[in-house]
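>>> Compute the structure for the input listed below.
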Amino acid sequence: MNGSPKQIAWAEKIRTKTILLMRRELADRLPREGIEAVVALAARQADARWWIDNQSLLASGTIQDHMLMKAAGLVDKAGVLTAAGVAWATQNDIPAS
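Okay, the predicted model is just below:
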């Protein structure tokens, strides 16, 4: 992880809590492989500051849902809906904008 030793220690605690929360919350939403894909995305985030700056969003599930959408191929790296994401939104009557 990148950052100062103090940031890294703090961020690792946040990341560990977040991954545990994600596993628990996604257990009845995804098969194990899907959960592991989302966890792998989270584990790849190596910037301590990102974990610290986003800890409130992580606790609320906002970023977890975004990671889930990335793992499912519904959004790209920039967070923009892919063609599959647009198709999914359309199928579920969700505005794709």
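>>> Tell me the backbone dihedrals of Arg29, please.
phi -110, psi -20 (degrees, to the nearest 10).
>>> what sits against it?
Residues in contact with Arg29 (CB atoms under 8 Å, 6 or more residues apart in numbering) are Leu68. C-beta coordinates here come from the backbone N, C-alpha and C atoms, glycine included.
>>> give me the number of residues near the closest residue to Gly85 other than its chain neighbours?
In this structure, Gly85 finds its nearest non-sequential neighbour in Leu74, 3.6 Å apart by CB to CB, 6 or more residues apart in numbering. Close neighbours of Leu74, defined as other CB atoms under 10 Å, add up to 18.
>>> Now stretch 35-54: buried residues?
35, 37-39, 41-42, 45, 48, 50-51, 54 (16 or more other CB atoms under 10 Å).
>>> Throw the residues you listed into JSON lines and include pLDDT, secondary structure and distance to Glu25, thanks.
Listed next are the buried residues of stretch 35-54 as JSON lines, based on pLDDT from 0 to 100; DSSP: H, G, I helix; E, B strand; the rest coil; distance: CB to CB, whole Å:
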{"residue": "Ile35", "pLDDT": "81", "secondary structure": "helix", "distance to Glu25": "10"}
{"residue": "Ala37", "pLDDT": "80", "secondary structure": "helix", "distance to Glu25": "15"}
{"residue": "Val38", "pLDDT": "78", "secondary structure": "helix", "distance to Glu25": "10"}
{"residue": "Val39", "pLDDT": "83", "secondary structure": "helix", "distance to Glu25": "12"}
{"residue": "Leu41", "pLDDT": "79", "secondary structure": "helix", "distance to Glu25": "15"}
{"residue": "Ala42", "pLDDT": "81", "secondary structure": "helix", "distance to Glu25": "12"}
{"residue": "Gln45", "pLDDT": "85", "secondary structure": "coil", "distance to Glu25": "18"}
{"residue": "Ala48", "pLDDT": "93", "secondary structure": "helix", "distance to Glu25": "23"}
{"residue": "Trp50", "pLDDT": "86", "secondary structure": "helix", "distance to Glu25": "20"}
{"residue": "Trp51", "pLDDT": "88", "secondary structure": "helix", "distance to Glu25": "18"}
{"residue": "Asn54", "pLDDT": "82", "secondary structure": "coil", "distance to Glu25": "17"}
